[in-house]
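Enquirer: Curious how this folds, go ahead:
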Amino acid sequence: MVSRSVLEVRYAETDQMGVVHHGAYVPWLEVGRVHWLRAAGVEYAEFEREGLFFPVVELELRYRRALRFGQEVEVRTRLAELASRRLVFAYEVAPLGGELAAVGRTAHVLQDANGRVRRLPAALYDLLQPLRESHT
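Expert: Purely as a prediction, here's the structure:
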């Protein structure tokens, strides 16, 4: 399953040259991840209310093309890996109708409110398993 999130590049996300600052991509990935989870039937806020969190433990971004103020950008998100305690999301960022501008990955572990790593609840794992990226 791939979710698509469309955003417009805001002026505050650009540098003096009018190019999107590298740090602006990280919140875009978060938007994509939250949209993906919602499309899968998972409300992240529900987990937080239950004292469960999915912090980012790894982040990788590769920039290929510059994006600029005012462009509409699509963030395509998919679940790349799923394990008992770990989720890995993969992302593609591109202007609408344009060539790929960046690719990224984030890895997350499930933690309780005390910071202890936990296993994903069986119901969540079973829900996500068929939605993870297929390598066939």
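
Enquirer: can you pull the contacts of the residue most central in space within the chain?
Expert: With distances taken as CA atoms, centre = their mean, the chain has residue 33 as the residue nearest its mean C-alpha position (3.3 Å). Neighbour list for residue 33: 77, 89, 106 [criterion: CB atoms under 8 Å, 6 or more residues apart in numbering]. (C-beta placed from N, C-alpha, C; glycine too.)

Enquirer: For residue 81, see how far away it is.
Expert: Distance of residue 33 to residue 81, given as CB to CB, to the nearest Å: 14 Å.

Enquirer: Next: residue 16.
Expert: For residue 16 relative to residue 81 (CB to CB), the value is 38 Å.

Enquirer: For the two, indicate the residue with more neighbours.
Expert: residue 81 (13 against 6; other CB atoms under 10 Å).

Enquirer: give the contact list for that one.
Expert: Counting by CB under 8 Å, 6+ apart, residue 81 has contacts 87-88, 107, 132-133.
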